[in-house]
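Undergrad: What follows is a predicted structure for the sequence shown.
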Amino acid sequence: MAAQKIPATVITGFLGAGKTTLIRNLLQNAGGRKIALIINEFGDLGVDGDILKGCGIETCSEDDVVELNNGCICCTVADDFIPAMTKLLERGSLPDHIVIETSGLALPQPLVAAFNWPEVKTKVTVDGVVTVIDAAAVASGRFADDEEKVAAQRAADDSLDHDNPLEELFEDQIRAADLIVLNKADLIDRDRLEEVRKLTSAATARAVKTVAAENGSLPAEVLLGIAAGAEDLIAERKSHHEIEHEGGEEHDHDEFESFVANAGPVLDQTAFVDGLKDLIGEHDILRLKGFADIPGKPMRLVVQAVGQRIETYFDRPWGKDEKRATRLVVIGLHDGLIDAVCTAIDGRIRSLAAGEAPAVPHTAAE
Ligand SMILES: Nc1nc2c(ncn2[C@@H]2O[C@H](COP(=O)(O)OP(=O)(O)OP(=O)(O)O)[C@@H](O)[C@H]2O)c(=O)[nH]1
């Protein structure tokens with residue numbers, strides 16, 4: 001009798017939608033399942049893997065978490081994902097389930113297709129693709145075209161390419177889904193949540209189960225055991241890119257940019273966070289995350305920003321041999337994060353940490 005394949009769940013969704021939070025919840029409620037994690041991030045700092053390793057859950061030991069940080073997993077399938085998966089499958093004790101977190105900018109389609117590679121196909125199957133949506137961001141129009149702006153661009157130059165990269169990614173990640181999680185339901189009311197539900201359903205031609213969640217808190221039975229066998233169904237889940245470039249032109253992430261800002265100790269935590277909020281608004285930074293060194297505190301401070309919503313918390317003590325430092329990944333649209341802007345943002349973050357850059361005063365209209 002053929003050995004049963006190990007089920008793998010792909011967790012996808014845009015930057016900051018709540019993928020890591022959902023996985024953390026899943027691990028806490030895994031019901032005895034041995035789960036191996038493959039975590040992929042955009043940006044040179046492995047924040048997600050580090051947060052999961054630092055979360056104190058027994059199943060998040062160094063051995064159970066594989067980090068792939070050489071670019072988005074959809075473009076590094078052959079060089080990164082297949083070798084990582086092969087290594088995982090050669091281990092003495094096999095996991096009951098594999099969970100893969102894609103970067104927020106990844107197209108899930110090439111990753112799902114990789115499960116048809118011979119090295120993997122006989123041993124693992126895609127149990128399901130779970131697409132996590134930031135319902136509040138969708139409700140605020142984050143992924144929709146700004147009609148006025150597009151009209152103005154068209155008036156200025158008819159030949160311009162008006163594809164909105166955020167909108168395309170949003171649709172591609174939904175098209176790949178076996179389950180859609182409308183996360184951050186705590187931030188919007190029922191009516192708006194219903195609007196988001198309609199919007200997401202309209203993005204896929206298939207009938208896909210949709211559930212609302214707060215902090216990705218869903219029973220393991222909802223997330224796991226979908227038994228979709230998604231690798232056999234990729235033909236009906238094509239991305240915009242696959243449809244436009246039938247024949248396989250390389251896909252890239254040119255529309256997005258990221259860099260790591262390094263700063264010294266943060267002298268005034270509140271002023272620092274306020275200053276970051278202003279900075280994010282000024283430059284339309286999509287995502288900012290990392291760790292800060294707060295003098296006098298034995299723990300490191302996690303800094304998480306999605307748009308202008310910032311969360312901070314102390315997650316674990318700095319290690320004995322670990323250098324205390326403030327390091328933040330900054331991610332934005334390529335057109336917004338040109339080199340000069342990155343340099344300016346980097347400088348501002350250093351100044352904010354040193355208490356030298358006063359926060360821009362808020363106007364009465366805000
Ligand atoms: N209010 C609210 N915040 C949430 C919810 N889920 C996640 N967050 C917060 O959103 C931020 C981003 O969450 P993550 O889980 O890191 O998101 P992610 O999708 O893994 O982010 P990337 O890997 O950078 O794409 C964190 O500050 C979370 O605490 C939710 O349901 N409600």
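TA: Yep, it's here.
Undergrad: Could you tell me how far residue 355 is located from residue 89?
TA: Taking C-beta to C-beta, to the nearest Å as the measure, residue 355 falls 51 Å from residue 89. C-beta: built from backbone N, CA, C; applies to glycine.
Undergrad: Looking at those two, which one has more neighbours?
TA: Just comparing residue 355 and residue 89: by other C-beta atoms under 10 Å the higher neighbour count belongs to residue 89, 17 against 14.
Undergrad: Starting from the lowest-mean-pLDDT helix or strand in the chain, tell me the next helix or strand along the chain.
TA: Of all helical and strand segments in the chain, the minimum by mean pLDDT, DSSP states H and E falls on helix 147-156, at a mean of 60. Counting by DSSP states H and E, the next helix or strand C-terminal to helix 147-156 is helix 165-175.
Undergrad: Taking the stretch 101-250 of the chain, what residue is nearest to the ligand?
TA: As assessed by C-beta to the nearest ligand atom, the ligand sits closest to residue 104 within the stretch 101-250 of the chain, at 3.0 Å.
Undergrad: Tell me the residues of the stretch 251-366 of the chain that contact the ligand?
TA: Contact residues (C-beta under 6 Å from any ligand atom) of the stretch 251-366 of the chain with the ligand: 287, 289, 304, 306, 311.
Undergrad: Buried among the residues you listed? Make that a ChimeraX selection.
TA: Selection of buried members from those for ChimeraX, criterion 16 or more other C-beta atoms under 10 Å:
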select :287,289,304,306
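Undergrad: can you put the residues of the stretch 251-366 of the chain next to the ligand in JSON lines and add pLDDT and secondary structure?
TA: What follows is these, written out as JSON lines (pLDDT from 0 to 100; DSSP: H, G, I helix; E, B strand; the rest coil):
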{"residue": "287", "pLDDT": "94", "secondary structure": "strand"}
{"residue": "289", "pLDDT": "96", "secondary structure": "strand"}
{"residue": "304", "pLDDT": "96", "secondary structure": "strand"}
{"residue": "306", "pLDDT": "95", "secondary structure": "strand"}
{"residue": "311", "pLDDT": "96", "secondary structure": "strand"}
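Undergrad: Would you check that residue 40 makes contact with residue 104?
TA: No. Counting by C-beta atoms under 8 Å, residue 40 stays clear of residue 104, with 9.6 Å between them.
Undergrad: Contacts only, for the residue most central in space within the chain.
TA: Residue closest to the average C-alpha location in the chain (C-alpha atoms, centre = their mean): residue 104, at 3.2 Å. Shown in contact with residue 104 (C-beta atoms under 8 Å, 6 or more residues apart in numbering): 13, 14, 15, 16, 17, 19, 42, 287, 331.
Undergrad: Quick one: the helices in the stretch 101-250 of the chain, in order.
TA: For the stretch 101-250 of the chain, the helices defined by DSSP state H, counting those that start in this stretch occupy 108-113, 118-121, 135-139, 147-156, 165-175, 190-202, 220-223, 240-244.
Undergrad: Least reliable of those by average pLDDT, please.
TA: When the helices of the stretch 101-250 of the chain are compared by mean pLDDT, helix 147-156 comes last with a mean of 60.
Undergrad: Below-threshold pLDDT in this structure: ranges please.
TA: 1-3, 54-56, 58-61, 145-163, 243-250, 357-366 (pLDDT under 70).
Undergrad: If we look just around the ligand, which residues of the stretch 51-200 of the chain are in range?
TA: So the stretch 51-200 of the chain meets the ligand at 104, 183, 184, 186, 187 (C-beta under 6 Å from any ligand atom).
Undergrad: From residue 214, how far off is the spatially closest residue to the last one that is not a sequence neighbour?
TA: What it means is residue 187. Excluding its sequence neighbours, the residue lying closest to residue 187 (C-beta to C-beta, 6 or more residues apart in numbering) is residue 136, at 3.8 Å. Applying C-beta to C-beta, the value for residue 136 to residue 214 is 11 Å.
Undergrad: Per the annotation, how does this protein divide into domains?
TA: What the record gives for the chain is the domain set 6-244, 256-354, from automatic domain parsing.
Undergrad: Could you pull out the buried residues of stretch 102-117?
TA: Those would be 102-115, for stretch 102-117 by 16+ other C-beta under 10 Å.
Undergrad: Just give the number of residues close to the closest residue to residue 57 other than its chain neighbours.
TA: Nearest non-adjacent residue to residue 57, counting by C-beta to C-beta, 6+ apart: residue 27, 4.8 Å away. Using other C-beta under 10 Å, the number of residues around residue 27 comes to 20.
Undergrad: Could you do residue 212 as well?
TA: Neighbour number of residue 212 under other C-beta under 10 Å is 20.
Undergrad: Report the contact partners of it.
TA: 135, 181, 182, 183, 185, 193, 197.
Undergrad: and those as CSV, adding neighbour count?
TA: Formatted as CSV, the contacts of residue 212 follow (neighbours: other C-beta atoms under 10 Å):
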residue, neighbour count
135, 28
181, 28
182, 24
183, 27
185, 19
193, 18
197, 18
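Undergrad: The nearest residue to residue 306 once chain neighbours are set aside: neighbour count?
TA: Among residues not flanking residue 306 along the chain, residue 16 sits closest, at 3.3 Å (C-beta to C-beta, 6+ apart). Residue 16: 23 surrounding residues under other C-beta under 10 Å.
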